[in-house]
Structures are given as C-alpha cells and as structure tokens.
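S.K.: Here is a sequence with its predicted model. Questions after.
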Amino acid sequence: MTTMTAAPKGLEGIIAANSGICWIDGDAGVLSYRGIDIHELAPKSTFEEVTYLLWFGKLPSKSELADFAKSLAEARSLPPAVIEFLKTVPKDATPMEVLRTAVSLLSMYPEGNDPDEKSVMHDANVIKAFRLTAQIAMIVAAFDRIRKGKPVVEADKSLSHAANFLWMLNGEKPTETAIRTFDVALILHADHELNASTFAARVIAATLADMHSAITGAIGALKGPLHGGANEATMRLLYAIDKAGADPVQYVKDMLARKEKISGFGHRVYKTEDPRATHLRKMSEELSKSTGSKWYGMSREIELFIKNEKKLNANVDFYSASTYTMLGIDIDLFTPIFAISRISGWAAHVIEQHDDNRLIRPRADYIGPEYPATYIPIDQR
Ligand SMILES: CC(=O)SCCNC(=O)CCNC(=O)[C@H](O)C(C)(C)COP(=O)(O)OP(=O)(O)OC[C@H]1O[C@@H](n2cnc3c(N)ncnc32)[C@H](O)[C@@H]1OP(=O)(O)O
Ligand SMILES: O=C([O-])CC(=O)C(=O)O
C-alpha cells in the first residue's frame with residue numbers, strides 16, 4: 001500500500017491556486033487587492049470602486065465607475081418568491097441561515113438579462129455577480145425588517161451600495177459618518193485570498209457548478225465562528241463581560257486558563273497586525289468618542305492584554321464588532337454584513353476559477369486500517 005506525504009493540518013502554508021486578485025504578506029501585515037495596498041484603498045476608495053477593481057483587474061475611469069455604480073444600483077431587485085420566503089421562515093431562524101437559503105433560492109429566479117442561470121461563461125458570471133452583490137445586501141435588510149414586523153423598504157437607486165443598505169435596514173436616511181464608516185468596513189472585508197469561504201467557493205466552481213451554488217457554499221463556510229462568525233462571537237463576549245459586571249482583562253484571563261479561544265484574535269496568515277484591524281480600531285475609537293459608548297475601551301483593554309499575554313493580534317472581526325454595534329446594527333447581522341462585502345471577492349474568485357478551470361481534487365494521506373482488510377460476513381461478526 002502506498003502512502004503519501006502527510007498534509008499539514010488545515011493545509012497550512014499550502015499553495016492551492018494561482019490567483020491575480022489578492023496578495024497578502026502575513027509576516028509584514030500587508031494586504032492588497034490587485035496589488036493596491038489596503039491602507040491606500042481604505043481611506044480613499046469606495047466599495048463600488050474596490051469591487052470594480054476585484055472583478056475587472058484595474059481601477060476604473062470616472063465614467064467606468066459611474067456606469068458600474070449605476071449597473072449595481074439597477075440590479076437592486078428581489079424576486080417576489082424570495083420576499084415570500086423571508087416572510088415564512090421559522091421565528092428562530094438566524095439571518096445567516098436565511099441568507100444562505102435565500103441565495104440558493106435566487107438561482108431559480110433568473111432575471112431579464114441573464115440568458116442562462118446555469119452558465120459559467122465569463123459574461124453570464126459577471127451579470128450574476130452584479131445581481132448577487134445587490135441582492136445579498138437587500139436580503140439582509142429586508143429580512144431584518146420583516147422579522148421586526150416592519151415594512152420592507154424600497155431600494156433607493158440613487159444611493160451608494162453602503163448608503164442603500166443602511167437606508168433599507170433602518171428606513172431613514174443614514175448620516176454621512178454612518179455611510180462612510182460602513183463603506184470602509186465593506187472595502188476592508190471585500191477579499192482575502194484563499195480564506196475558507198473563498199476556497200469553498202472555488203472548489204464548488206471548479207466542478208463547473210454555477211455561481212449561485214458556489215456562493216451558497218461560501219456563505220455556509222463564512223458562518224462558522226473560526227471564520228466570519230467570529231465578529232458576532234466577539235460582540236457576544238463583550239456583552240457577557242458587561243452583563244457579569246466583570247473586569248474585561250480578568251474575564252479573558254479566566255477564559256485562557258480554561259483553554260478557551262478569544263474570538264477576534266489570531267490568524268492563520270498574519271503573524272503581525274491584521275492591516276484591516278488598524279482601520280477598524282480607529283473607526284471604533286472615533287465612534288466611541290461621538291457616542292460615548294463603552295465598547296471601544298473594553299475592546300482595547302482586552303486587545304492589549306491578549307497581545308501581551310499570548311502574542312496574538314486582533315483580526316478583522318475584533319473591532320468590527322464594536323464598530324457595528326455603535327452604528328446601531330443588531331449582533332446577528334454582523335456575519336451577514338461580512339457576506340454583503342465578501343460577495344465581491346467570492347464573485348471575483350468564481351469568475352477567475354471558471355475562466356481557467358480545472359477540477360480541484362486533492363488526495364488524502366490514508367491513515368485507516370491496513371489494506372487489504374478482511375471482509376467478515378455479517379453473521380460471523
Ligand atoms: C475573517 C476571519 O476568518 S479572521 C479569524 C476569525 N476567527 C477568530 O477570531 C476565532 C479565534 N481565532 C482562532 O480560532 C484561530 O486563531 C484561527 C482559526 C483564526 C487561526 O487558526 P490556526 O491558524 O489553525 O491556529 P490554531 O487554532 O492552531 O492556534 C495556534 C495556537 O494559538 C492559540 N490561539 C489561536 N487563536 C487563539 C485565540 N483567539 N485565543 C486563544 N488562543 C488562540 C491556539 O490555542 C493554539 O495554541 P496551542 O499551540 O498552545 O494549542
Ligand atoms: O484569510 C483568512 O483565513 C480569514 C480572513 O481573514 C478573511 O477571510 O478575511
């Protein structure tokens with residue numbers, strides 16, 4: 001029996017694809033989309049511009065950006081069957097479960113300009129990318145309204161992607177601070193190379209399954225607390241500390257003593273500060289100054305302690321938790337919001353995979369019973 005070289009657990013350090021979308025230097029704490037540093041993009045760009053960059057591989061001209069933003073806004077429509085579905089889900093359904101199922105449902109309701117919903121051709125994929133990017137944000141906002149017994153707010157096609165989401169969520173015009181904070185959060189979460197959900201999307205796409213299948217799978221992968229679900233888990237931790245009236249440092253110290261992980265810390269690739277956390281920390285701090293909220297201060301105390309004690313850095317999920325809370329967003333919408341942004345990266349990766357496809361099918365290092373094992377008939381066992 002031949003055995004193979006053992007794979008590193010969790011495929012750590014394995015190069016599993018060629019990609020021209022996102023480059024990360026985990027030791028230096030560098031993240032770039034199509035070579036452009038996230039520290040350039042976060043303060044200067046918009047979600048629309050970054051999505052254009054991810055999908056088309058270059059920065060748009062003024063007119064290209066205007067056309068792109070218009071097409072994205074025009075894609076703001078949901079099939080009535082999806083709205084019906086949002087109205088009939090079980091009372092305790094979570095927004096992330098609802099989003100996953102609604103995206104799957106969307107594949108059965110193609111709209112006007114897509115000739116073939118199952119096509120994996122480049123142009124069909126780009127049309128689907130526009131639609132899914134517009135629709136994922138709408139689904140999250142519409143479901144939140146429905147579960148709160150409020151009417152669904154019509155999309156406003158004159159607003160940016162970030163502003164329209166806040167508008168559809170709250171039914172009131174968002175402040176400039178809220179729009180910009182949310183837009184920057186969307187920029188920061190847009191892509192991250194072969195993270196678990198993107199890898200899942202590429203594996204699905206590589207079977208020549210359609211984009212909706214790949215994105216449905218990606219949402220399932222994002223949901224877990226080791227990945228996108230960590231932003232929600234971080235806020236639950238902050239609430240638990242607050243509810244207990246505990247000292248934040250002592251609380252996490254006790255967790256570490258019980259060998260529990262602290263959500264929002266650590267990263268498979270970054271060995272230094274996650275560059276996205278730098279921006280989210282700053283936004284959380286600024287919001288805490290204007291709102292007088294305690295969440296930034298509590299987060300900072302925990303961060304300094306964990307850094308000192310465990311040499312672990314805050315990741316993208318740590319300060320997004322307090323930032324979203326200070327924007328008045330419900331905790332179980334945090335991971336769906338991650339998906340609202342990450343759809344741009346997922347779509348870019350599905351397009352890249354389909355454009356130059358080969359089935360992704362690795363091997364396992366077999367560690368089971370020695371071959372040939374004996375088959376014992378059932379009446380002799
Ligand atoms: C968008 C994103 O997906 S960002 C990541 C979001 N996830 C989280 O924030 C969850 C908390 N963090 C973690 O679980 C991990 O750091 C991960 C999943 C992000 C990375 O995992 P891996 O690279 O597999 O590292 P692994 O889990 O093996 O940890 C290595 C060591 O650091 C410790 N460690 C890592 N993260 C943490 C943490 N958040 N709290 C406490 N200890 C930690 C582990 O216990 C382990 O210690 P040991 O060697 O003594 O057993
Ligand atoms: O890259 C990863 O493993 C996780 C991550 O930070 C992301 O998906 O944004």
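M.R.: It's in. Ligands and ions are numbered 1, 2, ... in the order given.
S.K.: I83 reaches E154, doesn't it?
M.R.: No: under the criterion of Cβ atoms under 8 Å, I83 makes no contact with E154, lying 11.7 Å away. To be clear about C-beta, it is placed using only N, CA and C from the backbone, and glycine gets the same treatment.
S.K.: Can you list the residue ranges for helices in the stretch 151-300 of the chain?
M.R.: 161-170, 176-189, 196-205, 211-222, 230-244, 248-257, 275-291, 295-310 (DSSP state H, counting those that start in this stretch).
S.K.: for ligand 1, what are the nearby residues on the stretch 251-381 of the chain?
M.R.: Residues of the stretch 251-381 of the chain that fall close to ligand 1, judged by Cβ under 6 Å from any ligand atom: 261-268, 310, 312, 315-317.
S.K.: what do you get if the cut-off is 5 Å, keeping everything else the same?
M.R.: By Cβ under 5 Å from any ligand atom, the residues of the stretch 251-381 of the chain that approach ligand 1 are K261, I262, S263, G264, F265, G266, R268, N315, D317.
S.K.: The fourth one reaches E232, doesn't it?
M.R.: I take that to be G264. No: using Cβ under 8 Å, G264 is not in contact with E232, being 10.3 Å away.
S.K.: Identify the contacts common to the two.
M.R.: Residues touching both G264 and E232 (Cβ atoms under 8 Å, 6 or more residues apart in numbering) are A321.
S.K.: quick revisit: in TSV, list the helices of the stretch 151-300 of the chain along with mean pLDDT, distance to ligand 2 and mean neighbour count.
M.R.: Output for the helices of the stretch 151-300 of the chain, formatted as TSV (pLDDT from 0 to 100; distance: least, Cβ to the nearest ligand atom, whole Å; neighbours: other Cβ atoms under 10 Å):
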stretch	mean pLDDT	distance to ligand 2	mean neighbour count
helix 161-170	98	18	22
helix 176-189	98	7	22
helix 196-205	98	6	24
helix 211-222	98	8	25
helix 230-244	98	9	20
helix 248-257	98	21	16
helix 275-291	97	7	20
helix 295-310	98	17	18
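S.K.: Which residues are in contact with R202?
M.R.: R202 touches A17, L194, A214, H349, V350, Q353, I360, counting by Cβ under 8 Å, 6+ apart.
S.K.: which helix is the longest one in this protein?
M.R.: helix 122-147 (DSSP state H).
S.K.: helices or strands next to that helix in the packing?
M.R.: Applying 3 or more Cβ pairs under 8 Å, 6 or more residues apart in numbering; DSSP states H and E, we find helix 122-147 packed against helix 47-56, helix 62-74, helix 80-88, helix 95-106, helix 161-170, helix 211-222, helix 334-355.
S.K.: What residues of that helix count as buried?
M.R.: 124-147 (16 or more other Cβ atoms under 10 Å).
S.K.: Also within reach of ligand 1: list those from those.
M.R.: Filtered for proximity to ligand 1 (Cβ under 5 Å from any ligand atom), the buried residues of helix 122-147 leave an empty set.
S.K.: Please report phi then psi for G266.
M.R.: Backbone geometry at G266, expressed as degrees, to the nearest 10, gives phi 90, psi 160.
S.K.: Distance of it relative to A277?
M.R.: Using Cβ to Cβ, to the nearest Å, G266 is found at 12 Å from A277.
S.K.: Leaving out the residues flanking it, which one is nearest to T216?
M.R.: Sequence neighbours aside, S104 is the residue nearest to T216 in space, at 4.4 Å (criterion: Cβ to Cβ, 6 or more residues apart in numbering).
S.K.: so Q353 makes contact with A206?
M.R.: Yes: with contact defined as Cβ under 8 Å, Q353 counts as touching A206 (5.6 Å).
S.K.: What distance do you get for Y251 to N313?
M.R.: Relative to N313, and taking Cβ to Cβ, Y251 is found at 19 Å.
S.K.: Contact partners for the residue of the stretch 251-381 of the chain found nearest ligand 2?
M.R.: The minimum distance from the stretch 251-381 of the chain to ligand 2, using Cβ to the nearest ligand atom, falls at R268 (4.9 Å). For R268, the contacting residues are G10, E12, by Cβ under 8 Å, 6+ apart.
S.K.: Go ahead and confirm M235 touches S320.
M.R.: No: here M235 lies out of contact with S320, judged by Cβ under 8 Å, at a distance of 9.1 Å.
S.K.: related to what we said a few turns ago, neighbour count winner among Q353 and A206?
M.R.: Neighbours were counted for Q353 and for A206 using other Cβ atoms under 10 Å; Q353 has more, 25 against 18.
S.K.: how much space between that one and D144?
M.R.: Q353 is 32 Å from D144, by Cβ to Cβ.
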